[in-house]
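Peer 1: based on what follows, work out the 3D shape:
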Amino acid sequence: MRGWMAAGAAAVVLLAGCGRDDAEARARAAAERVRQTLSDDSARALEQRVPPEQVRAAQQALSVLHEYDGDIDGTLDPVTVNAIQAFQRRAGLEPDGLLHPDTQRRLQVAAAEALAMTAPTASDRAGTPGTHAGGVSRSTPPM
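Peer 2: Have a look, this model is predicted:
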């Protein structure tokens, strides 16, 4: 009986040690599968060296264009790269996720145009005829 218990304990120790190595091997394999699922363009885009202030400006422009909903933190991450690629597709550019000068310029122009279309006009600020700027009718007597 003691022999069986000793053999069982030894098996548990061996399995515990293998389990840890197994978990590490599975984690390495999973990370490799993730790397393989990234397109070459996405992988290259994530490796590009872009100053954080340029990434932040791109994130802000992409946010205005409703292409990006992440943090505006200057970090070039997969969410930012995907948003850049979406914008590039929409703008007729090569969707490689790289912040080329042309991509940056077009982003800024598109964001400025989008902001101009949503900015209130002078007539919006003045109100419509018969109302104050706050939208209250002038015919309403003061209380």
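
Peer 1: tell me the domain ranges of this protein?
Peer 2: Under the assignment automatic domain parsing, the domains of the chain span 1-37, 40-119.

Peer 1: wait, is Leu99 part of a helix?
Peer 2: No. Leu99 is assigned coil when assessed by DSSP: H, G, I helix; E, B strand; the rest coil, not a helix.

Peer 1: gap between it and Gly70?
Peer 2: For Leu99, the distance to Gly70 equals 15 Å [C-beta to C-beta, to the nearest Å]. Where C-beta positions appear, they are placed from N, C-alpha and C, glycine not excepted.

Peer 1: ok, the two, which is more surrounded?
Peer 2: Shown here are Leu99 and Gly70; by other C-beta atoms under 10 Å, Leu99 has more neighbours (22 against 15).

Peer 1: which residue, neighbours along the chain excluded, lies closest to that one?
Peer 2: Excluding the flanking residues, the one nearest Leu99 by C-beta to C-beta, 6 or more residues apart in numbering is Val50, at 5.1 Å.

Peer 1: Ala58 versus the one you found, what's the distance?
Peer 2: The gap separating Val50 from Ala58 is 8 Å, by C-beta to C-beta.

Peer 1: before I go, just wanted to say thanks for your time.
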